[in-house]
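Asker: Dropping the sequence and predicted coords here.
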Amino acid sequence: MSGLTCLILSSLLVAYASAQCPSPWEPNTLYPGFCYYHYVFPVSWDTANTICQIFAGGDLASIDEFEEGTVIYDYWNRTAIDQSLGYWIGLTDIHDSGLGTRQWTDWTSLQGKTNWQGGQRPTDTSEDCVYVANEGDTDEERKQWRATSCTLVLKTFICERKLVIN
Ligand SMILES: [Ca+2]
């Protein structure tokens with residue numbers, strides 16, 4: 001093998017390796033480039049948000065498409081110790097000025113792609129943080145969202161990171 005071929009092959013291998021989610025992060029096989037990690041200890045939304053941003057180098061998971069919600073739900077379902085609590089995702093309106101406009105913490109746009117339980121965004125202003133409730137009889141119902149206190153309620157949570165592909 002020539003030196004040049006060797007160089008090209010090894011740089012391809014490096015590029016390939018860098019496109020993998022670092023262990024133990026879960027790859028999104030539908031949307032390569034996104035990785036998730038389920039922290040299985042229950043904390044408040046505020047604490048979960050801090051852990052994802054400061055310690056995990058990402059954000060609480062944003063569900064940008066219904067299919068992404070399914071990938072995250074299936075991963076959570078496989079790894080959850082207590083499935084009665086549901087899990088935090090990165091949707092909140094703590095940053096707004098009372099307009100009730102929730103947004104993803106990783107700043108991706110909500111684009112009207114919501115999955116509220118009962119089809120309605122909750123209007124209670126003390127309930128600013130969103131979780132996947134795992135309630136209902138069907139898989140579709142169990143992936144639906146509810147909102148609750150950001151500080152008083154404890155749940156496990158999913159962080160999301162985007163891979164940097166060179
Ligand atoms: Ca996402």
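Answerer: Right, received. Where do you want to start?
Asker: Show me the strands in this protein, by range?
Answerer: Applying DSSP state E to the chain gives strands spanning 26-27, 34-43, 59-60, 87-92, 103-104, 129-132, 145-148, 155-162.
Asker: Tabulate those strands (TSV), appending mean pLDDT.
Answerer: Shown next, in TSV, are the strands of the chain (pLDDT from 0 to 100):
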stretch	mean pLDDT
strand 26-27	94
strand 34-43	96
strand 59-60	97
strand 87-92	95
strand 103-104	84
strand 129-132	95
strand 145-148	94
strand 155-162	97
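Asker: For Phe66, grab the count of nearby residues.
Answerer: 11 (other CB atoms under 10 Å). Yep, even glycine has a C-beta here, placed from its N, CA and C like the rest.
Asker: Could you provide the strands of the chain in JSON lines, with additional columns for mean neighbour count and distance to the ion?
Answerer: As requested, the strands of the chain are arranged in JSON lines below (neighbours: other CB atoms under 10 Å; distance: least, CB to the ion, whole Å):
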{"stretch": "strand 26-27", "mean neighbour count": "19", "distance to the ion": "13"}
{"stretch": "strand 34-43", "mean neighbour count": "19", "distance to the ion": "6"}
{"stretch": "strand 59-60", "mean neighbour count": "24", "distance to the ion": "9"}
{"stretch": "strand 87-92", "mean neighbour count": "26", "distance to the ion": "8"}
{"stretch": "strand 103-104", "mean neighbour count": "19", "distance to the ion": "8"}
{"stretch": "strand 129-132", "mean neighbour count": "24", "distance to the ion": "13"}
{"stretch": "strand 145-148", "mean neighbour count": "20", "distance to the ion": "14"}
{"stretch": "strand 155-162", "mean neighbour count": "23", "distance to the ion": "5"}
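Asker: closest to Cys52 out of these?
Answerer: strand 155-162 (3.9 Å; CB to CB).
Asker: The closest one to strand 34-43, inter-axis angle?
Answerer: Comparing the axes of strand 155-162 and strand 34-43 via axes from the mean of the first three to the mean of the last three CA atoms, to 10 degrees yields an angle of 160 degrees.
Asker: returning to that earlier point: out of the strands of the chain, nearest to Trp116?
Answerer: Here strand 145-148 is closest among the strands of the chain (CB to CB), at 5.4 Å.
Asker: what's that closest one packed up against?
Answerer: The contact analysis (3 or more CB pairs under 8 Å, 6 or more residues apart in numbering; DSSP states H and E) places strand 145-148 against strand 129-132.
Asker: Ser62 touches Asp106, doesn't it?
Answerer: Yes. Counting by CB atoms under 8 Å, Ser62 does reach Asp106; the two are 5.1 Å apart.
Asker: Alright, that wraps it up for me.
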